[in-house]
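# The following block contains a protein sequence and its predicted model.
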Amino acid sequence: EQGYREAQFSIAYLFDRGLGTERNFREALFWYRKAADRGNSDAEYSLGFMYLYGQGVRLDYIAAMSWFRKADESGNEAAQYAIGWMYQCGLGVQRDFQEAVSWYKKAAKNGNADAQFSLGRMYEAGQGVRKNSASAVRWYREAADQGHAEAAFELGYMYDNGRIVGQDSAEALRWYLKAAEKGSADAELNAGWMYAHGQGTAQDYAEALKWYQRAAAQGNDAAWCLIAGMYHDGDGVEKDDAEALKGFVKAAELGNTDAECRLGGMYLSGDGVPQDNAEALRWYRMAAEQGSSAAQEKIGDMYLSGDGAAQDYAEALKWYRMAAEHGSAGAQYRIGRMLADGHGAKQDYAEALQWYQKAAAQGNPQAEFSIGLMYDAGQGVPQNFGEALNWYQKAAAHGSAEAEYSLGLLCESGGITQDYSEAVSSKRKAAA
């Protein structure tokens, strides 16, 4: 009898996975039922899975839970994990994190790596349990030691970024490589990045390229973009414009906005491709429409300067506003400058100051210098040499040569307490 039900389960599994035969969920369901009727807990779990995802049957969370619970009676750890997941997501039951944790613990103690990983997540987030970083790391390790790719990646990411654990690039790479060996495209990408930049290991472009290529083979858009960048810049490989173009296009086809921006830049400047303003604008628009603030800002630059597009201040301002909404300090500064100059909109110093301040809050030296100018000249604000000095100093500290020079002029003019040594120093720095 034991062999009979195992044979029934095996036949069902072959139809379920399409192994040696055409995949057929209905046929799989038939044989799983036969095996489940004879008490095969794996078949009971598999029936629950099919009802959970509507494979060969109408999706039915209640039926799925019923089959999972039957499998649990035989101690099936996969079913225990599935019950926990349904409680976590609120599928067929009221969402209950504590109940989810209870089932995850049961499955985890029985060696289920998915449950161990999920427990790590719950402890890290404090869902259903008191937040506990040490427990989170412990369960991630338990899962990763069983070859759980997501858990190994999570540990790599934690060490890479110093989240919960101390930052340790070598340890991050070790875990990324474990996850990468299990086929994690994200881990392959990050391992490649670390080899390319010598983080946690000696810089090794050949090894970087190997891991990027593995990630790209799984359709990872960022990996294609980075491979293209290596060929474009000649990093560890012979510079090859054709390979770079191919990689950027592939990444762009997968929706990578960085690649779309790189293509826009290549066509705008004729870098490795024939110069083509229309093609440049097309690629930038593709990235911009996906929310790339860098692309939106670049389109604004093109319309503002007339370089690559007919000069159109109103159109420039429109694109800068889009980029500014995504937090681009450069775009925020440009909006301020256009409003101060009355380009694309009515001149408005008050609103210009607001945009300068937004950009300055992100450390943009051009915006800081512009605020200094407004206070220096009393432009839209009461003249205030002390405020001007403050903003010039901030801009100068961020590398603005214009601010260095204006500091010198302010000192010389007597707008503030005379300090000719500071004036001379500022002018010399600006001249350098």
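That came through, no problem. What you see is a predicted model; the values in this text were computed from it and never measured.

# Now do the host helix or strand of residue 248: which elements does it pack against?
Using DSSP states H and E, residue 248 falls within helix 241-253. Packed against helix 241-253, as judged by 3 or more CB pairs under 8 Å, 6 or more residues apart in numbering; DSSP states H and E, are the following elements: helix 221-233, helix 257-269. In short, each C-beta sits where N, CA and C put it, glycine included.

# ok, longest helix in the protein?
helix 2-17 (DSSP state H).

# can you redo the helices and strands packed on helix 241-253 as a markdown table with mean pLDDT, distance to residue 81 and mean neighbour count?
Below are the helices and strands packed on helix 241-253 laid out as a markdown table (pLDDT from 0 to 100; distance: least, CB to CB, whole Å; neighbours: other CB atoms under 10 Å):
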| stretch | mean pLDDT | distance to residue 81 | mean neighbour count |
| --- | --- | --- | --- |
| helix 221-233 | 97 | 31 | 23 |
| helix 257-269 | 96 | 36 | 23 |
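
# returning to what we had before: looking at the helix holding residue 248 now, give me its mean pLDDT.
The pLDDT scores in helix 241-253 average 97.

# Any buried residues in it, and which?
243, 244, 245, 247, 248, 249, 250, 251, 252 (16 or more other CB atoms under 10 Å).

# Next one: the first one from residue 215, what distance?
Counting by CB to CB, to the nearest Å, the gap from residue 243 to residue 215 is 17 Å.

# ditto for residue 312
Counting by CB to CB, the gap from residue 312 to residue 215 is 40 Å.

# okay, these two: which has more neighbours?
More crowded of residue 312 and residue 215, by other CB atoms under 10 Å: residue 215, with 26 against 15.

# now the protein, which segments are flagged as low pLDDT?
1-3, 414-432 (pLDDT under 70).

# who touches the residue most central in space within it in this structure?
Centroid check for the chain by CA atoms, centre = their mean gives residue 222 as the closest residue, at 9.8 Å. Residues in contact with residue 222 (CB atoms under 8 Å, 6 or more residues apart in numbering) are 189, 215, 251, 256, 258.

# Which members of these define the maximum pairwise distance?
The two members of the contacts of residue 222 with the most space between them (CB to CB) are 215 and 258, at 14.8 Å.

# list the contacts for residue 143?
Contacts of residue 143 by CB under 8 Å, 6+ apart are 113, 114, 116, 117, 120, 150, 151.

# one more time with 10 Å, if that's ok
108, 112-120, 149-152, 154-155 (CB atoms under 10 Å, 6 or more residues apart in numbering).

# Same list as before, the helices and strands packed on helix 241-253 that is, but in a markdown table and with distance to residue 331 included.
Shown next, in a markdown table, are those (distance: least, CB to CB, whole Å):
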| stretch | distance to residue 331 |
| --- | --- |
| helix 221-233 | 23 |
| helix 257-269 | 14 |
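
# for the ones you listed, which one sits closest to residue 326?
That would be, of the helices and strands packed on helix 241-253 and by CB to CB, helix 257-269, which comes in at 11.3 Å.

# between that closest one and helix 221-233, how big is the angle?
With axes from the mean of the first three to the mean of the last three CA atoms, to 10 degrees defining the directions, helix 257-269 sits at 30 degrees from helix 221-233.

# isn't residue 388 right up against residue 411?
No: Residue 388 lies out of contact with residue 411 (CB atoms under 10 Å); the separation is 11.2 Å.

# Now residue 21: phi and psi?
Dihedral angles of residue 21 (phi, psi; degrees, to the nearest 10) stand at phi -160, psi 170.

# Apologies, that question was intended for residue 148.
Torsion angles, degrees, to the nearest 10, at residue 148: phi -80, psi 110.

# show me the contacts for the closest residue to residue 327 other than its chain neighbours.
Spatial nearest neighbour of residue 327, excluding adjacent residues (CB to CB, 6 or more residues apart in numbering): residue 293 at 6.7 Å. By CB under 10 Å, 6+ apart, the contact list for residue 293 reads 257, 287, 320, 322-331.

# List buried residues within those.
Of those, these count as buried by 16+ other CB under 10 Å: 257, 287, 320, 322, 323, 324, 328, 329, 330, 331.

# Run through who's touching the strand or helix carrying the second one.
Secondary structure from DSSP H and E places residue 287 in helix 277-289. Identification of contacts with helix 277-289 by CB under 10 Å, 6+ apart yields 248-249, 252, 255-270, 273, 276, 292-303, 307-310, 319, 322-323.

# Report the buried residues of it.
By neighbour count with 16+ other CB under 10 Å, helix 277-289 contains the buried residues 279, 280, 281, 283, 284, 285, 286, 287, 288.

# So residue 406, which state does it fall into?
helix (DSSP: H, G, I helix; E, B strand; the rest coil).

# Residue 374 is in contact with that one, correct?
No: taking contacts as CB under 10 Å, residue 406 lies outside contact range of residue 374: 11.9 Å.

# what do these two both touch?
388, 391.

# tell me the angle of the helix holding residue 287 relative to helix 241-253?
40 degrees.

# starting at the chain centroid, how far to the next helix-or-strand element following helix 277-289?
Note on helix 277-289: by DSSP H and E, the next helix or strand toward the C-terminus is helix 293-305. Relative to its chain's centre, helix 293-305 lies at 23 Å (CA atoms, centre = their mean, to the nearest Å).

# buried ones in helix 293-305?
Applying 16+ other CB under 10 Å to helix 293-305 flags 293, 294, 295, 296, 297, 298, 299, 300, 301, 302, 303, 304 as buried.

# With respect to residue 208, which of those is nearest?
For the buried residues of helix 293-305, the nearest to residue 208 is residue 294 (23.7 Å; CB to CB).

# was I right about that closest one contacting residue 322?
No: between residue 294 and residue 322 there is no contact under CB under 10 Å: 11.4 Å.

# Show me the common contact partners of those two, please.
288, 328, 331.

# Next, give phi and psi for the last one.
The phi/psi pair for residue 331 (degrees, to the nearest 10) reads phi -70, psi -40.

# can you check residue 76 too?
phi -70, psi 110.

# Count the residues that sit near it.
For residue 76, using other CB under 10 Å, the count is 24.

# Nearest spatial neighbour of it, chain-adjacent residues omitted?
That would be residue 41: by CB to CB, 6+ apart, it lies 4.2 Å from residue 76.

# Can you give me the buried ones in stretch 181-195?
Result for stretch 181-195 [16+ other CB under 10 Å]: buried residues 182, 184-195.

# If you could redo that for stretch 23-30, that was the one I meant.
In stretch 23-30, counting by 16+ other CB under 10 Å, buried: 25, 27, 28, 29.

# Which single one of these is nearest to residue 341?
residue 25 (65.8 Å).

# contacting residues for that closest one?
15, 16, 18, 32, 50, 53, 54, 55, 56, 57.
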